[in-house]
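1. quick one, structure for this:
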Amino acid sequence: MPDESIEHFDFEKAAQTSLSRPLVKHIFTADPAVHVFDGKIYIYPSHDIEAGVPYNDSGDHFAMEDYRVLSMDHPQGEVKDHDLALHVKDVPWAERQMWAPDAAYKNGKYYFYFPAKNYEGKFQIGVAIGDSPVGPFIAEPEAIKGTYSIDPSVFADDDGKYYMYFGGIWGGQLQCYKNNEYDANNVVPLPDEPALGPRVAKLSDDMKQFAEHVKEISILDETGKPILAGDNKRRFFEASWMHKYEGKYYFSYSTGDTHFICYAIGDNPYGPFTYQGRILNPVSGWTNHHAIIEFEGKWYLYYHDVQLSGKTHLRNVKVTELKYNDDGTIRTIDAYGSPLQLPQGGG
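-> Got it, this is the predicted structure:
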């Protein structure tokens, strides 16, 4: 998990040329999930902290332990930081690493979905419930049955059905699962084999469990063949997000070690999805994680970089406008006015 993109990055220049500024500066935030509830924008980020954990390939230095919710009346408006929404000590099954969350609304309740490592060191996904979009949320005593890995993202379709997308390779442990069963000896596919796909399952009516078995999603290339594991500029790594535009399903994700936010389009929530291109070119920091929303007739991309800290595990959320071409493809965004130049071989 090399961090060369930070080592060779000109932070002063980025601050001058960046398309957007950090939404808040008094805390570190990352991995934004964003929704519009009752005409207001709510951001559900990870809350980065300096926990003193050494850097390693499993991401243990991302040692987040709680969640806060941000809100704004408009993407260019003031940001309000709300009180503590959920802490790991209030989740009976979770031990550590409260990574990227998401939220959903149904029948007067707000459902907050989050990954964490249980006491066996395995990531699972839990749900906490509240009466307000900003919490506090009360966690269910056990993780959602059948969940594993990280990065839950909940999509509400037009027919009232809700789907959870999730998964992340490497530190996210997705490679350990085959046919939804865990085996620590499982590894990522070879470069000439199909890449691991994200996972999806429809949620139950009460939003607390899966209504079906977890399915693997296929992301295809322009010829209709699965993208290969060695194609790390296009293959799925983590950070699932789903939105609809003009009747099509847009599945977007991070490529991880190559630092792109990419997307693929399909005709239904389960896919398959055909790769279309890049939404966001690399930013400063090792990871990226995003959300896409429509607000008052315009579309916006929320993402993060490390402009405030220069440290890969202390990030800051930003927002910029997202635009479509006439054919429905998305225009690629350069967060600093021009592409970030990564060193040769550095991903």
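2. got a list of what Pro189 touches?
-> Ala195, Leu196, Ala229 (CB atoms under 8 Å, 6 or more residues apart in numbering). The C-beta positions use only the backbone N, C-alpha and C, and glycine is treated the same way.
3. cutoff 10 Å now
-> Applying CB atoms under 10 Å, 6 or more residues apart in numbering, we find Pro189 in contact with Ile169, Gln175, Ala195, Leu196, Leu228, Ala229, Gly230, Arg235.
4. so what's the residue count around the second one?
-> It stands for Gln175. Residues contacting Gln175 under the criterion other CB atoms under 10 Å number 18.
5. where's it relative to Ile41, distance?
-> Gln175 sits 35 Å away from Ile41, going by CB to CB, to the nearest Å.
6. can you check the third one too?
-> Ala195 sits 33 Å away from Ile41, going by CB to CB.
7. now do the last one
-> Distance, Arg235 to Ile41, using CB to CB: 31 Å.
8. higher neighbour count, the two?
-> Arg235 (26 against 21).
9. could you measure from Pro32 over to Thr17?
-> 21 Å.
10. on the three-state scheme, Asp257 is what?
-> helix (DSSP: H, G, I helix; E, B strand; the rest coil).
11. so how far is Gly171 from it?
-> 12 Å.
12. okay, the two: which has more neighbours?
-> Per other CB under 10 Å, whichever of Asp257 and Gly171 has more neighbours is Gly171, with 21 against 17.
13. doesn't that one fall inside a strand?
-> No - counting by three-state DSSP, Gly171 falls outside a strand, being helix.
14. for the remainder of this discussion, apply numbering that starts at 592.
-> All right, first residue 592 from here; so that's Gly762.
15. so who does it touch?
-> 592, 647-651, 653, 688, 690, 714, 740-741, 829, 847, 878.
16. so what's it scoring on pLDDT?
-> If you check Gly762, the pLDDT there is 96.
17. distance of it from Asp742?
-> In terms of CB to CB, Gly762 sits 11 Å off from Asp742.
18. return every residue with contacts to both of those two.
-> Taking CB under 10 Å, 6+ apart as the contact rule, Gly762 and Asp742 both touch Trp690, Phe714, Glu829.
19. including neighbour count, could the residues you listed go into JSON lines?
-> Listed next are the shared contacts of Gly762 and Asp742 as JSON lines, based on neighbours: other CB atoms under 10 Å:
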{"residue": "Trp690", "neighbour count": "26"}
{"residue": "Phe714", "neighbour count": "25"}
{"residue": "Glu829", "neighbour count": "26"}
